[in-house]
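Peer 1: I'd like to go over a predicted model; first the sequence, then the structure.
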Amino acid sequence: MGWLDRLLGRDAPAVDVKARMAEAYDLAAKGELTAALDIWAELAQAGVPRAQNNVGACFAEGMGVERDLVLARRWLVLAAGNGDPVGQRNLAALHFRGEDQPADFAEAARLYRAAAEQGDGPAQDMLSWMLLEGEVVPRDPLEARRWAEAAAKQGIAAAMTRMGMLHHDAIGVPRDPAEAARWWRRAAERGEADGQAMLGAAMMTGAGVARDPVEAFIWLLRAQAGGSALAAQFLPAARNALDGATLSEAARRAAAPLPDPGPLDLAAPAAPAAPEAQP
């Protein structure tokens with residue numbers, strides 16, 4: 001739009017926001033972050049909330065631009081104020097970490113809740129964790145379970161592990177080792193290290209799942225490689241239960257890539273069929 005158009009008050013040509021956002025995401029996927037950021041900056045200036053979030057996130061993480069938390073916060077405040085759930089979640093993270101300003105856990109919780117109520121899975125997961133820990137917001141196990149389940153249904157593996165812990169420790173639900181193991185398996189198959197550790201521990205003892213020392217060791221090795229601190233307490237016993245040849249084969253299998261877990265299935269297992277009446 002030229003100076004004469006602006007002077008005469010002529011409208012700028014319409015921008016296809018959806019197409020421009022898609023173009024920017026394609027560029028980002030190819031590693032061309034600077035070019036993607038140029039598009040997001042243009043749209044952010046025009047008031048597109050998700051673009052405002054993306055610009056803020058780039059400044060927050062130093063992606064395609066030098067890291068600048070002041071600019072990150074400025075853009076994320078705009079995105080969150082305009083109702084973008086990802087912007088609310090990312091601004092909540094800034095409040096929670098307190099890197100550029102003192103941490104504000106109450107504001108972080110408010111923003112995580114706002115994003116969670118709009119269906120943002122990672123925000124639901126984080127809100128669930130905060131409600132379960134009870135350190136920065138009042139502890140509420142029932143609410144924590146509700147948000148964990150909502151996040152798990154969206155494929156957030158950490159929330160699946162938390163669901164397993166809730167059933168294992170009888171927090172807000174009756175104790176159910178089998179349901180705990182099912183949740184841990186869902187998380188483990190998606191690469192969540194703590195879920196892998198807990199599934200391995202359950203397989204060692206047969207708690208809620210068939211006992212399988214070899215599979216237990218494989219999952220514990222995967223958990224250790226993934227950085228789970230939980231794996232260390234179970235690995236020695238799991239290792240001692242196997243002979244040398246089995247240990248080598250288990251280590252080889254643990255190093256292989258995980259297969260695709262397929263679509264998430266949260267249906268309850270079918271009840272066993274009733275035995276037929278005897279004549």
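Peer 2: That came through fine.
Peer 1: what's the helix or strand for the residue lying closest to Tyr25 once chain neighbours are set aside?
Peer 2: Spatial nearest neighbour of Tyr25, chain neighbours left out: Ala36 (7.2 Å); criterion: Cβ to Cβ, 6 or more residues apart in numbering. In short, each C-beta sits where N, CA and C put it, glycine included. Ala36 belongs to helix 33-45 when assigned by DSSP states H and E.
Peer 1: I'd like the next helix or strand past that helix.
Peer 2: helix 49-61.
Peer 1: give me the number of residues near the nearest residue in space to Val17 that is not next to it in sequence?
Peer 2: Excluding the flanking residues, the one nearest Val17 by Cβ to Cβ, 6+ apart is Val48, at 5.7 Å. A count of neighbours around Val48, defined by other Cβ atoms under 10 Å, yields 21.
Peer 1: Find me the pLDDT at Val48, would you?
Peer 2: On pLDDT, Val48 comes in at 97.
Peer 1: how much space between it and Glu42?
Peer 2: 9 Å (Cβ to Cβ, to the nearest Å).
Peer 1: now do Gln233
Peer 2: Going from Gln233 to Glu42 by Cβ to Cβ gives 52 Å.
Peer 1: which of those two has more neighbours?
Peer 2: Neighbour totals were compared for Gln233 and Glu42, and Glu42 leads with 15 against 11 (other Cβ under 10 Å).
Peer 1: Could you list the low-pLDDT ranges of the stretch 101-250 of the chain?
Peer 2: For the stretch 101-250 of the chain, applying pLDDT under 70 flags no range at all.
Peer 1: Mind listing what's buried along the host helix or strand of Ala188?
Peer 2: Per DSSP H and E: Ala188 is located in helix 177-189. By 16 or more other Cβ atoms under 10 Å, the buried positions in helix 177-189 come out as Pro177, Glu179, Ala180, Ala181, Arg182, Trp183, Trp184, Arg185, Arg186, Ala187, Ala188, Glu189.
Peer 1: list the helices and strands the helix holding Ala36 packs on?
Peer 2: On a contact count with 3 or more Cβ pairs under 8 Å, 6 or more residues apart in numbering; DSSP states H and E, helix 33-45 meets helix 17-29, helix 49-61.
Peer 1: Show me the domain layout of this protein.
Peer 2: Domain ranges of the chain: 17-154, 157-257, per automatic domain parsing.
Peer 1: got a markdown table for these, with distance to Pro263 too?
Peer 2: Listed next are those as a markdown table, based on distance: least, Cβ to Cβ, whole Å:
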| stretch | distance to Pro263 |
| --- | --- |
| domain 17-154 | 12 |
| domain 157-257 | 11 |
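Peer 1: Could you say which one of these comes nearest to Leu266?
Peer 2: Comparing the domains of the chain by their distance to Leu266 (Cβ to Cβ), the top pick is domain 17-154, with 6.2 Å.
Peer 1: Quote the end-to-end distance of the closest one.
Peer 2: End-to-end span of domain 17-154 (Cα to Cα, to the nearest Å): 26 Å.
Peer 1: So for Met21, what's the pLDDT?
Peer 2: Reading off the confidence values, Met21 has pLDDT 97.
Peer 1: The one 4 residues further on too?
Peer 2: The predicted structure scores Tyr25 at 96 on the pLDDT scale.
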